[in-house]
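In: curious how this folds, go ahead:
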Amino acid sequence: MTSRNAIFSPGRNKIDLLKSASKYKFKIEKWGTVDEMELTRTQVQQGALYVFGGSKQAKKLSEVLTAKIEQGVSKPFTRSLYNYNSAGKIAEILTFKKRADNSTYLDLKQKINYDMGRVESVSKYNEEAQKIGSTHFSYKTDGKLSEIIDFEGEDRTTAAFTYLPGEGGTGISGDYTISGEYSYTKHYYTAAYSMFIRGGNVLQSLFAQSNARYEKIMYDYDFAINPYVHLNLPDLYLSNYSKHNPIREYREIALLFPLVVPYQFNYKYDSDGYPTELVVKYKTYLTGEHAYDIKTLFKY
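Out: Below you'll find the model as predicted:
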């Protein structure tokens, strides 16, 4: 027997085999999942494409804690609890914060409502159980999002989505663009938001307002798992669309002046490829000086 180890990159990989062998056994391992294939010499064809893969039950978020670290002092920021229904779908998210006197209070309760197995709406409540807003979703016949209507008090935001396939990539790496048109009752302007997708990740986003303000962001990713993507919970700006976790951002901004922007992402992962800890460093947009860190702990 002759054996050889190799590290595969995502997508297609070329493998050279010994012609003298009578049998070939392939084994691939990733995040605790193993897939094997055995072929005889007569079954192997030059230039053929063989697909390996595996699956396992997705881990579900149970708790996410964040803390703000400023000048070496860490202060609790938020604590979010994720509750699921009997079908295993996310049913409720409870987000707690700290008051000035360090007491804990329920800042936001989100109740997720379903229809035909898809998220139909999200109802939002404050500490006094008063409804403070809601988000409603409609879908195209192929299951893609068609429209989102978000209510916050008396204000309403409406987003309509279109999808344009691209020419690059194949299979899960196929390129496409999602475009959203946004209108607001509390703003005089409208907005357009487009996301270029490759391999399940948003590689570039462009948010442009009709008053000439815009923000263009390009992203780099790791190949670990974004735990939020398994929630299958859309939001107004599709913030958890990517399958992997961002490690770098490149921004181009006009007439928009955020106070801070992230400039460094540091992750720790478990053996299944899920993040257990994330520290994001922020800097002031105008001066570039370090402002603070946000540390996030993920529990499953």
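In: quick check: chain neighbours aside, which residue is closest to the residue nearest the centre of the chain?
Out: By Cα atoms, centre = their mean, the chain has its centre lying nearest to Asn240, at 3.2 Å. In space, and not counting its chain neighbours, Asn240 is closest to Tyr228: 3.9 Å by Cβ to Cβ, 6 or more residues apart in numbering. In this view, the C-beta of every residue, glycine as well, is placed from N, C-alpha and C.
In: count the neighbours of Ala159 for me.
Out: Counted by other Cβ atoms under 10 Å, the residues lying close to Ala159 total 20.
In: quick one, phi/psi of it?
Out: Ala159 has phi and psi values of phi -130, psi 130 when expressed as degrees, to the nearest 10.
In: same deal with His230?
Out: Per degrees, to the nearest 10, the backbone of His230 is at phi -70, psi -10.
In: thought it was touching Ala58?
Out: Yes - under the criterion of Cβ atoms under 8 Å, His230 makes contact with Ala58 at 4.4 Å.
In: ok, now which ones touch His290?
Out: Residues near His290 by Cβ atoms under 8 Å, 6 or more residues apart in numbering: 281-283.
In: beta partners of it?
Out: Beta-bridge pairing for His290 (DSSP bridges): Lys283.
In: ok, now Ala159?
Out: Taking DSSP bridges, one obtains Ile148, Tyr182 as the residues bridged to Ala159.
In: mind checking how far it is from Ser194?
Out: Distance of Ala159 to Ser194, computed by Cβ to Cβ, to the nearest Å: 12 Å.
In: same check, this time on Tyr125
Out: For Tyr125, the distance to Ser194 - Cβ to Cβ - is 33 Å.
In: and for Val260?
Out: Val260 sits 24 Å away from Ser194, taking Cβ to Cβ as the criterion.
In: roughly how far out does stretch 257-277 sit from the chain middle?
Out: Centroid displacement of stretch 257-277 relative to its chain, using Cα atoms, centre = their mean, to the nearest Å, is 12 Å.
In: hmm, back to that, in three-state terms, label the residue nearest to Asn240 for me.
Out: helix (DSSP: H, G, I helix; E, B strand; the rest coil).
In: give me the neighbour count for it.
Out: Around Tyr228 there are 18 residues (other Cβ under 10 Å).
In: pull up the overlap in contacts between Ala159 and Ser194.
Out: Counting by Cβ under 8 Å, 6+ apart, the residues touching both Ala159 and Ser194 are Gly180.
In: helices of the stretch 151-300 of the chain, start to end?
Out: Assigned by DSSP state H, counting those that start in this stretch, the stretch 151-300 of the chain shows no helices.
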